[in-house]
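J.: take this sequence and fold it.
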Amino acid sequence: PLGLVDKAGTWYLVASARDRAGPDRPATVFRVSRITAARVLTAAAPRPPGFSLAAFWARWSEEFMASRPRVPVRLRASPHALAAFTEVFGDGAHDAIDAALPPDAQGWRELTLRFEHELAAAHRLAGFGGEVEVLSPPSVRDRLQSVAEAILTRYHRG
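T.: Predicted structure coming up:
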């Protein structure tokens, strides 16, 4: 183990892994919630020379984000939604908010967020209810509507 990192409420273990590490990658990353077993070893686990957890994490995060498939979703967001974007979507939301169009008379702004896939976009945006409006792509609007209908069906009181 080289360190633990909390990113947006999710914990990651940064660790030396002989079978995964190499000269250009002194460590690897494991999502803590996916670790199902661990054991204490008697051998010492030396820290790689000059290793910096903060520098490693910054580089690893950049590489990870660049490697993920991205679906751009254009949307309008209320001031209330915008205030929660960095907490919900992480630091990447800052760039989207900075690039957003100026607010309209009600404070809503038009911006683009990127998601792993369309279903992830619909599920993550559903939590904002009427505080966001998906403008494009139409397939994400359709998926979001299906998610909303499923929620209404589940909780319908008749």
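J.: ok, Ala121 - contacts?
T.: 71, 73, 113, 115, 134, 140, 143-144 (CB atoms under 8 Å, 6 or more residues apart in numbering). The way it works is simple: take the backbone N, C-alpha and C, and place the C-beta from them, glycine included.
J.: pull the most distant pair out of those.
T.: Farthest-apart pair in those is Leu113 and Arg143; separation 14.5 Å (CB to CB).
J.: okay if I get the contacts of Ala121 as TSV plus secondary structure and distance to Leu2?
T.: Shown next, in TSV, are the contacts of Ala121 (DSSP: H, G, I helix; E, B strand; the rest coil; distance: CB to CB, whole Å):
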residue	secondary structure	distance to Leu2
Val71	strand	33
Val73	strand	35
Leu113	strand	32
Phe115	strand	30
Val134	strand	40
Val140	helix	38
Arg143	helix	39
Leu144	helix	40
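J.: neighbour-wise, which one of these leads?
T.: The most crowded member of these, judged by other CB atoms under 10 Å, is Val73 (26 neighbours).
J.: from what I can see that residue touches Leu113, true?
T.: Yes - using CB atoms under 8 Å, Val73 is in contact with Leu113, at 5.3 Å.
J.: what does stretch 37-57 contact?
T.: Identification of contacts with stretch 37-57 by CB under 8 Å, 6+ apart yields 1-3, 5, 14, 16, 26-27.
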